[in-house]
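Trainee: would you be able to build a 3D model of this:
(4 chains)
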There are 2 protein chains.
Amino acid sequence: MAGQVQRQTGVALWRQIADRIRQAISAGAYDETGMVPPETVLALQFGVNRHTVRSALAALAQEGIVRAVQGRGTLIERKERLNFPITRRTRFTTGIGEQAREMRGLLLSHSEEKADAEVARWLKLREGEPVIRMETVRKADGRPVSCATAWFPARRFAGLPDAYKRTESITKAFAELGLADYVRATTEITASHADDADIAALELTPGAIVLITKAMNTDLEGIPVQYAISRFSADRVQFTIEN
Amino acid sequence: MAGQVQRQTGVALWRQIADRIRQAISAGAYDETGMVPPETVLALQFGVNRHTVRSALAALAQEGIVRAVQGRGTLIERKERLNFPITRRTRFTTGIGEQAREMRGLLLSHSEEKADAEVARWLKLREGEPVIRMETVRKADGRPVSCATAWFPARRFAGLPDAYKRTESITKAFAELGLADYVRATTEITASHADDADIAALELTPGAIVLITKAMNTDLEGIPVQYAISRFSADRVQFTIEN
DNA sequence: TTTAAATGTCTATTGATATAGACAACTATA
DNA sequence: TATAGTTGTCTATATCAATAGACATTTAAA
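Mentor: Sure, this is the predicted structure:
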């Protein structure tokens, strides 16, 4: 963990340091001891005052990632960065399945609406054709991993929101409606700062980074069945593309 | 662009606002006028003082995204994002080629060294075997798009840095050394705040976001020929994965 | 039991961030 | 040529972020 923090960027040093330590933890940098280095050592490493390090550690403690014990040190409570493979067979639950005990997809809201230009383009519909929109949050072991807005052709998938609410899985909901299999056709990936909706849905703090995917799934005949914009906490997730 | 900014989170209000405006610009929110709303309007929208908005706009002006003209308003200068497809045949030059007139890869430095554990794992070498390391910056129409550190098996690709310096392309450099074709095997994608090296190499400002890829290319027999860590300006680039 | 090493708490000071208000300077247009 | 609307600059004040140092408290090991 080399490299210095940056001053006068509008991002407080304690927040930059918190982000770096969080990342180091999830990269397994402190696995041998199960503890973060002492505050004085971190202060030296980052070239800041011990109090600044303490602010960073306090923020991580607030997130439940570390726990300070007077006299002993600062213990690591939790260390995750989920790996998310993107392939033709990308599925949220099975993709992350082995890395977490429990995986849930929660339906926040849904509605039927007319496809705007963008949705129509991705789903290969005409503008104005009916689509189902679903807002979802996906959680691994109770921790929000991503929030998504997904669109589906309404004529083909009436009843999808109900099935999703029951099964908490797109794959299973599709299966209930007679679509046994589907494949990931296209994924676009960008990154940005979290906006208010992200901060609320993913339990982030302002200034956090989100990875954003725009993905289109098709059935086995290449007909689009889903278009989704998903937003992932960059601290908790990475993507892997295997070609 | 509704929603309020958040206070006392370690991220300065002016930076949150700059991020939001940058995003709104790239989403085309102000395409009709080609201008950002007046400072007083933005201040009202975000619920902050006009001076805070001015700090945000100053940061965006520094990035070259807007330009303030006294008496008229704040004009939008730039709102583009290069698309970078990731496939088995991912190549920097041909991938972005159509979206820019000129595409160059510049060799900053190179050296021969012994593979550390990570490089050895990716290139399927034994730790300590000789590898060539190259630091490069890739530019589209003179604008830095990414900087990369790449490793190659030294025994197989002696002379690669020279060939790259001449051709400004990995594909062509490989070809000169007798490797006619290669494929992208694996790509990992994460995101983070830009560090000092990124800021210098990519001409960014502190607080900017970088998309980070760790990629491995193999020859047609599946033998690794390159491992590279590339850092892209998130404001200028997006990735597309076609499956 | 002592001691070293770690976190916890307090005071004080400096610089960055944010607000508030007033007014100057410039642009486009009525 | 006024005038409304916009950005630019200045002063002043309050709060947050960061540094600095001193010392208390707790833990684990010598």
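Trainee: excluding sequence neighbours, find me the nearest residue to A:A201.
Mentor: A:C147 (3.9 Å; C-beta to C-beta, 6 or more residues apart in numbering or on different chains). C-beta: built from backbone N, CA, C; applies to glycine.
Trainee: can I assume that neighbour is in contact with A:R231?
Mentor: Yes. A:C147 lies in contact with A:R231 (C-beta atoms under 8 Å); the separation is 5.4 Å.
Trainee: overlap in contacts of those two?
Mentor: Common contact partners of A:C147 and A:R231 (C-beta atoms under 8 Å, 6 or more residues apart in numbering or on different chains): A:D198, A:A201, A:L202.
Trainee: what ranges do the helices span in chain A?
Mentor: With helices called from DSSP state H, chain A shows them at A:13-26, A:39-46, A:50-62, A:92-97, A:117-123, A:160-167, A:170-176, A:196-202.
Trainee: tell me which of those is the most buried.
Mentor: Comparing these by mean neighbour count (mean count of other C-beta atoms under 10 Å in any protein chain shown), helix A:13-26 comes out on top with a mean of 22.
Trainee: now that helix against helix A:39-46, angle please.
Mentor: Orientation note: helix A:13-26 sits at an angle of 100 degrees relative to helix A:39-46 (axes from the mean of the first three to the mean of the last three C-alpha atoms, to 10 degrees).
Trainee: picking that back up, distance to DNA strand C and pLDDT for the shared contacts of A:C147 and A:R231 - can I get that in CSV?
Mentor: Putting the shared contacts of A:C147 and A:R231 into CSV (distance: C-beta to the nearest atom of the strand, whole Å; pLDDT from 0 to 100) gives the following:
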residue, distance to DNA strand C, pLDDT
A:D198, 19, 87
A:A201, 23, 88
A:L202, 22, 88
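Trainee: turn those into a markdown table, including distance to A:Q238.
Mentor: Formatted as a markdown table, these follow (distance: C-beta to C-beta, whole Å):
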| residue | distance to A:Q238 |
| --- | --- |
| A:D198 | 17 |
| A:A201 | 20 |
| A:L202 | 15 |
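Trainee: near DNA strand D too, which of those residues?
Mentor: When contact is defined as C-beta under 7 Å from any atom of the strand, the shared contacts of A:C147 and A:R231 do not meet DNA strand D at all.
Trainee: which among those gets closest to DNA strand D?
Mentor: A:D198 (19.9 Å; C-beta to the nearest atom of the strand).
Trainee: that closest one contacts A:I209, correct?
Mentor: No. Look at A:D198 against A:I209 with C-beta under 8 Å: they stay out of range, at 9.8 Å.
Trainee: distance-wise, check A:T149 relative to A:L202.
Mentor: For A:T149, the distance to A:L202 (C-beta to C-beta, to the nearest Å) stands at 14 Å.
Trainee: repeat that for A:L123.
Mentor: From A:L123 across to A:L202, the span is 26 Å (C-beta to C-beta).
Trainee: now do A:R15
Mentor: Taking C-beta to C-beta, one finds A:R15 at 17 Å from A:L202.
Trainee: close enough to count as contact, A:R88 and A:V183?
Mentor: Yes. Assessed by C-beta under 8 Å, A:R88 is found in contact with A:V183 at 4.6 Å.
Trainee: format the helices of chain A as a markdown table; extra columns: distance to B:T52.
Mentor: Formatted as a markdown table, those follow (distance: least, C-beta to C-beta, whole Å):
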| stretch | distance to B:T52 |
| --- | --- |
| helix A:13-26 | 18 |
| helix A:39-46 | 28 |
| helix A:50-62 | 23 |
| helix A:92-97 | 39 |
| helix A:117-123 | 32 |
| helix A:160-167 | 41 |
| helix A:170-176 | 42 |
| helix A:196-202 | 17 |
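Trainee: worst average pLDDT in these?
Mentor: Per-stretch mean pLDDT for the helices of chain A is lowest at helix A:92-97 (a mean of 62).
Trainee: how about the strands in chain A?
Mentor: Here chain A has its strands, by DSSP state E, at A:35-36, A:66-69, A:73-76, A:82-86, A:103-114, A:130-140, A:143-153, A:183-193, A:209-218, A:224-233, A:237-242.
Trainee: mean pLDDT, mean neighbour count and distance to DNA strand D added to those strands, as TSV?
Mentor: Shown next, in TSV, are the strands of chain A (pLDDT from 0 to 100; neighbours: other C-beta atoms under 10 Å in any protein chain shown; distance: least, C-beta to the nearest atom of the strand, whole Å):
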stretch	mean pLDDT	mean neighbour count	distance to DNA strand D
strand A:35-36	92	20	11
strand A:66-69	90	16	6
strand A:73-76	91	18	9
strand A:82-86	80	19	29
strand A:103-114	91	15	30
strand A:130-140	93	20	28
strand A:143-153	92	22	24
strand A:183-193	86	21	16
strand A:209-218	91	22	18
strand A:224-233	94	22	21
strand A:237-242	81	20	26
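Trainee: so which of the helices of chain A is nearest A:K214?
Mentor: helix A:117-123 (7.7 Å; C-beta to C-beta).
Trainee: name the residues that touch the closest one?
Mentor: If you take C-beta under 8 Å, 6+ apart as the criterion, helix A:117-123 is touched by A:115, A:125-129, A:131, A:151-153, A:214, A:216, A:224, A:227.
Trainee: and these, which two are the farthest apart?
Mentor: Distances among the contacts of helix A:117-123 were taken as C-beta to C-beta; the most separated pair is A:G128 and A:K214, at 21.0 Å.
Trainee: read off the pLDDT value for A:A29.
Mentor: 81.
Trainee: give me phi/psi at it?
Mentor: phi -70, psi -30 (degrees, to the nearest 10).
Trainee: roughly how far apart are it and A:I76?
Mentor: In terms of C-beta to C-beta, A:A29 sits 10 Å off from A:I76.
Trainee: tell me, what residue is most central in chain A?
Mentor: Using C-alpha atoms, centre = their mean, the residue of chain A that lies closest to the mean C-alpha position is A:F232, 2.4 Å off.
Trainee: was I right about it contacting A:V145?
Mentor: Yes. The pair A:F232 and A:V145 passes the contact test of C-beta under 8 Å, sitting 6.5 Å apart.
Trainee: now do the domain split for chain A, please.
Mentor: Chain A breaks down by automatic domain parsing into domains covering A:13-76, A:82-241.
Trainee: distance from the chain centre to the first one, please.
Mentor: Between the centre of domain A:13-76 and the centre of its chain there are 23 Å (C-alpha atoms, centre = their mean, to the nearest Å).
Trainee: got it, and the longest one?
Mentor: In terms of C-alpha atoms, centre = their mean, the gap separating the centre of domain A:82-241 from the centre of its chain is 11 Å.
Trainee: how long is that domain end to end?
Mentor: 14 Å (C-alpha to C-alpha, to the nearest Å).
Trainee: hmm, A:A115 is touching A:R133, no?
Mentor: No. Counting by C-beta under 8 Å, A:A115 does not reach A:R133; the two are 9.6 Å apart.
Trainee: now for the two: what residues contact both?
Mentor: A:W151.
Trainee: in contact with the closest residue to A:I25 other than its chain neighbours, which residues?
Mentor: Excluding its sequence neighbours, the residue lying closest to A:I25 (C-beta to C-beta, 6+ apart) is A:K79, at 4.8 Å. The contact partners of A:K79, taken as C-beta under 8 Å, 6+ apart, are A:I25, A:S26, A:G28, A:D31, A:I65.
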